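S.K.: Can you look at this prediction? I've put the sequence above it.
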There are 4 protein chains.
Amino acid sequence: MAEIYTEAPEIVASSWLNTAGPLALRDLRGKVVLLHAFQMLCPGCVLQGTPQAAAAAECFAGEPFQVIGLHTVFEHHAVMNLLALQVFVREFRLEFPIAVDQRAEDSPVPVTMQALGLQGTPSLVLIDKNGLLRFSHFGRLSDMQLGGMVGQLLAE
Amino acid sequence: MAEIYTEAPEIVASSWLNTAGPLALRDLRGKVVLLHAFQMLCPGCVLQGTPQAAAAAECFAGEPFQVIGLHTVFEHHAVMNLLALQVFVREFRLEFPIAVDQRAEDSPVPVTMQALGLQGTPSLVLIDKNGLLRFSHFGRLSDMQLGGMVGQLLAE
Amino acid sequence: MAEIYTEAPEIVASSWLNTAGPLALRDLRGKVVLLHAFQMLCPGCVLQGTPQAAAAAECFAGEPFQVIGLHTVFEHHAVMNLLALQVFVREFRLEFPIAVDQRAEDSPVPVTMQALGLQGTPSLVLIDKNGLLRFSHFGRLSDMQLGGMVGQLLAE
Amino acid sequence: MAEIYTEAPEIVASSWLNTAGPLALRDLRGKVVLLHAFQMLCPGCVLQGTPQAAAAAECFAGEPFQVIGLHTVFEHHAVMNLLALQVFVREFRLEFPIAVDQRAEDSPVPVTMQALGLQGTPSLVLIDKNGLLRFSHFGRLSDMQLGGMVGQLLAE
């Protein structure tokens, strides 16, 4: 028996912060990628998920590991705009690259969030060195659980 | 020897949230008032000061005690506007009354913040039952310190 | 209507730590006294109650306030003996005075614990400046609640 | 270039708790072993290391993973004896197997602690599926770091 994993859909972003240019998952083969899907005014993100993503970036700094924030606004679009996100990122001193998920034509849920099938924010997605989707979780994870999963993917 | 306290300046607000109408300090004689000056995108507020103000409102719920939030925006005015604050308050489930400090004509620092001489956010101001300014602090306070001061003012 | 408070029973101790000689409540009139009843191998004490008692001693250091630990062993007497308590106090760097509650002749519950009617450990007892019992609580208290009560008693 | 790892020395214990009989590292090939060296009256153990070891046992419960406590008493031997440890383990509801490190003839430092070259408590030792010593650390580790290392060893 073997579990079959699918390739992670590419990030579709209208803007990028904290990076010289857009990142593409296809260019990150060989690295474990942690996608942190968040909204800047979601309490579970601000109080737990986002600091945890930043801690993971620091904890695995020397490893083939990339944290990417994904600002998946699916409500209050007028307020959680690019300018507001820029202020949030600066004030909270976030240093990892952050993609602004592309607004969809016909849905409040943005494009990458739809493609990943995420249920809300914060969501955490782990992508292995081959670009396969290995884990997707809506809500809180303990630091130890997250560390354990990242460690296992790094060792593959 | 006796310390001389001055009367707290009145709150000058452009809007109020979580209250049927504007509050005035002069109508709160007989109550201890905790003013929590914050900005919705200030990390020290979101992570510490604002939850502490909410905890104080709950802890001293049966006492003659009033928590008032004061949104003292002195930077990034375009982003921390009324609509954004409304979303923030709803998402973070804040229930205490919140005044939006009146923008000043000639300064980024709003009117009440100037009158209180606050140095930044979060700041905490305690006003006694006679409307006198008794304590003003910029930055972090332990829950025990804050509880101790509120308890002393309640007992007067 | 008025609540009637009773005088706190005197501490009956077989030993004292962290003090030149025994303390007596009757000599502490004019001070608010926090009695922290604990057992050195009670998790709720070690992880929460005892650190909170130490924090209270520090928070109200300049006030007429006295923290007294009361080692109320009511189980595992052979293990939680004086020598073990001395090691515990040194290792955990406790600095407030600690009384070893006197073993009772006919009960596993020691003398002062019986006199105070405590239900278990940790228990927290507050005694006002007149030596009256004002509050007794078994279990956890928030720092803000405790601070508020101490503040009120200090202001009387 | 390759790092050369040595085999972990066998645990030499005078008693075992929470297990039907003694455990031997040589019988645990195929499992990652976390050795948590502690003393029951060491604050860094009680407040951080021991709860973290218990959390690791729970976090990796379904994996080939074994947590073993090692009571490495090197001071205050009269107080941190077997009876006291039994009370500590019951009161703190520790469920993982715990070995009492064998007292040495000529040193306060017990036998296994010496063989492992540990500098103090808490210390954390990770042993891989082949019985090799892979990591040894005196002091605090974040949950994420620990999770990451366990995850990497599990994936080998």
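M.R.: Ah, there it is. The structure displayed is predicted, hence computed values, not measured ones.
S.K.: Show me which residues of stretch A:10-17 are buried.
M.R.: Within stretch A:10-17, the residues scored as buried using 16 or more other C-beta atoms under 10 Å in any protein chain shown are A:I11, A:V12, A:A13, A:W16, A:L17. The way it works is simple: take the backbone N, C-alpha and C, and place the C-beta from them, glycine included.
S.K.: State the pair within those residues that is farthest apart.
M.R.: A:V12 and A:L17 (15.7 Å; C-beta to C-beta).
S.K.: taking the buried residues of stretch A:10-17 one by one, which sit in strands?
M.R.: Residues of the buried residues of stretch A:10-17 located in strands (DSSP state E): A:A13, A:W16, A:L17.
S.K.: Any part of the longest helix seen in chain A near chain D?
M.R.: Ranked by residue count and defined by DSSP state H, the top helix of chain A is helix A:143-155. Yes. Using C-beta under 8 Å from any C-beta of the partner chain, we find that helix A:143-155 touches chain D at A:143-155.
S.K.: Not counting its neighbours along the chain, what's nearest A:V109?
M.R.: Nearest non-adjacent residue to A:V109, counting by C-beta to C-beta, 6 or more residues apart in numbering or on different chains: A:F74, 4.7 Å away.
S.K.: likewise A:G120?
M.R.: A:F138 (5.3 Å).
S.K.: what pLDDT does that neighbour get?
M.R.: You'll see A:F138 listed with a pLDDT of 98.
S.K.: Contact partners for it?
M.R.: A:F138 sits next to A:L118, A:Q119, A:G120, A:P122, A:S123 when contact means C-beta atoms under 8 Å, 6 or more residues apart in numbering or on different chains.
S.K.: Those, buried ones only, as a ChimeraX selection?
M.R.: In ChimeraX, this line selects whichever of these come out buried by 16+ other C-beta under 10 Å:
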select /A:118,120,122,123
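S.K.: For A:L146, grab the count of nearby residues.
M.R.: Other residues lying near A:L146 total 25 when counted by other C-beta atoms under 10 Å in any protein chain shown.
S.K.: From what I see, it and A:V125 are in contact.
M.R.: No. Between A:L146 and A:V125 there is no contact under C-beta atoms under 8 Å: 11.7 Å.
S.K.: before we move on, the earlier item: B:C45: which of the contacts of A:F138 is nearest?
M.R.: Among the contacts of A:F138, A:P122 lies closest to B:C45 (C-beta to C-beta), at 20.1 Å.
S.K.: ok, the closest one touching A:M40?
M.R.: No. Counting by C-beta under 8 Å, A:P122 stays clear of A:M40, with 11.2 Å between them.
S.K.: Quick check: which ranges of chain A have low pLDDT?
M.R.: Applying pLDDT under 70 to chain A flags residues A:1-2.
S.K.: which residues sit in contact with A:V67?
M.R.: A:V33, A:L34, A:H36, A:A53, A:A54, A:A56, A:A57, A:F96, A:P97.
S.K.: can you rerun that using 6 Å?
M.R.: A:V67 sits next to A:L34, A:A53, A:A56, A:A57, A:F96 when contact means C-beta atoms under 6 Å, 6 or more residues apart in numbering or on different chains.
S.K.: can you check A:D128 too?
M.R.: Residues near A:D128 by C-beta under 6 Å, 6+ apart: A:R134, A:L153.
S.K.: can you tell me how far it sits from A:A155?
M.R.: Using C-beta to C-beta, to the nearest Å, A:D128 is found at 11 Å from A:A155.
S.K.: Then A:F74?
M.R.: 35 Å.
S.K.: Which residue of these two possesses the greater neighbour count?
M.R.: Ranked by neighbour count (other C-beta under 10 Å), A:F74 and A:A155 place A:F74 first, with 21 against 15.
S.K.: Settle this for me: that one is touching A:S107, isn't it.
M.R.: No. A:F74 is beyond contact range of A:S107, at 8.4 Å (criterion: C-beta atoms under 6 Å).
S.K.: burial count for A:A99?
M.R.: Neighbour number of A:A99 under other C-beta under 10 Å is 24.
S.K.: Just to be sure, it is in a strand?
M.R.: Yes. Assessed with DSSP: H, G, I helix; E, B strand; the rest coil, A:A99 lies in a strand.
S.K.: residues in chain A within reach of chain D, list them.
M.R.: Residues of chain A lying close to chain D (C-beta under 6 Å from any C-beta of the partner chain) are A:A55, A:C59, A:D143, A:M144, A:Q145, A:G147, A:G148, A:V150, A:G151, A:Q152, A:A155.
S.K.: Apply 8 Å and report the result again.
M.R.: When proximity is defined as C-beta under 8 Å from any C-beta, chain A approaches chain D at A:55-56, A:59-60, A:142-156.
S.K.: from the residues you listed, which would you call buried?
M.R.: Burial by neighbour count, judged by 16+ other C-beta under 10 Å, picks out A:55-56, A:59-60, A:143-154 from these.
S.K.: quick one, strands of chain A?
M.R.: Per DSSP E, chain A carries strands over the ranges A:13-17, A:32-38, A:65-71, A:98-101, A:123-127, A:133-138.
S.K.: Which strands and helices lie in contact with the first one?
M.R.: Read it as strand A:13-17. For strand A:13-17, the contact count by 3 or more C-beta pairs under 8 Å, 6 or more residues apart in numbering or on different chains; DSSP states H and E identifies helix A:82-91, strand A:98-101 as packing neighbours.
S.K.: which neighbours does it have in its sheet, and in what orientation?
M.R.: The pairing partners recorded for strand A:13-17 under DSSP bridges are strand A:98-101 (antiparallel).
S.K.: hang on, the earlier thing: ok, which of the helices and strands packed on strand A:13-17 comes nearest A:L28?
M.R.: Closest to A:L28 of the helices and strands packed on strand A:13-17 is strand A:98-101 (C-beta to C-beta; 12.6 Å).
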